[in-house]
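Visitor: coordinates only, no sequence provided:
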């Protein structure tokens with residue numbers, strides 16, 4: 001049995017989960033609403049504020065979908081209740097980030113500033129050299145944070161670039177003069 005798939009999903013107060021036909025799930029909470037079509041083969045049961053996911057048989061595909069379905073549903077419940085945030089850090093001389101309305105403007109050593117428009121459902125905030133990406137969809141928050149990081153990934157010699165706050169950059173030794 002899938003260790004992740006068999007874990008129950010607690011539904012906190014203020015969050016409502018509607019399971020429709022074909023496992024179309026709509027989760028509504030204080031932060032917003034998320035909708036998603038989950039694997040129709042999975043069996044979703046909701047009772048007493050707890051959702052359980054079970055699979056019809058032990059085929060390899062069903063085993064794979066079991067944990068995935070449970071995790072996606074759990075991420076939706078957590079997202080509408082507390083939300084998700086990712087914090088990035090801008091390191092380097094002259095590297096800056098600024099917010100102009102819905103635009104994130106990054107000066108990253110290129111000949112031009114890099115402008116990124118926040119996607120729907122995702123908000124960014126800049127404080128000093130830190131960029132905070134937040135939203136209710138874990139997928140969108142992670143994707144946008146990765147796109148921002150991709151504009152200038154950290155390099156291994158001086159550590160210049162955009163990195164996640166909890167990311168550790170493996171440093172390399174530079175040239176030796178002899």
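Guide: All right, it came through fine. Here the structure is a predicted model, which is why all the values come from computation and not from measurement.

Visitor: what is the neighbour count of residue 60?
Guide: Neighbourhood size, residue 60 [other Cβ atoms under 10 Å]: 7. Just so you know, the C-beta spots here come from the backbone N, C-alpha and C atoms, and that holds for glycine as well.

Visitor: so it versus residue 153, what's the distance?
Guide: 36 Å (Cβ to Cβ, to the nearest Å).

Visitor: and for residue 49?
Guide: 43 Å.

Visitor: over to residue 51?
Guide: For residue 51 relative to residue 153 (Cβ to Cβ), the value is 38 Å.

Visitor: what sits up against the longest strand anywhere in the chain?
Guide: In terms of residue count, the longest strand belonging to the chain (DSSP state E) is strand 84-91. Identification of contacts with strand 84-91 by Cβ atoms under 8 Å, 6 or more residues apart in numbering yields 78, 96-97, 106, 108, 129-138, 141-142, 145, 148-149, 154, 159-165.

Visitor: what about burial for the residues you listed, which qualify?
Guide: 78, 97, 106, 108, 131, 133-138, 141, 145, 148-149, 154, 160-163 (16 or more other Cβ atoms under 10 Å).

Visitor: where exactly do the helices run in the chain?
Guide: Using DSSP state H, the helices assigned to the chain run over residues 60-81, 138-150.

Visitor: how far out from the middle of the chain is the longest one?
Guide: Pointing back at helix 60-81 there. Averaging C-alpha positions (Cα atoms, centre = their mean, to the nearest Å) puts helix 60-81 14 Å from its chain's average.

Visitor: packing partners of it?
Guide: Here helix 60-81 touches strand 9-10, strand 24-29, strand 32-37, strand 50-54, helix 138-150, going by 3 or more Cβ pairs under 8 Å, 6 or more residues apart in numbering; DSSP states H and E.

Visitor: cheers, nothing more for now.
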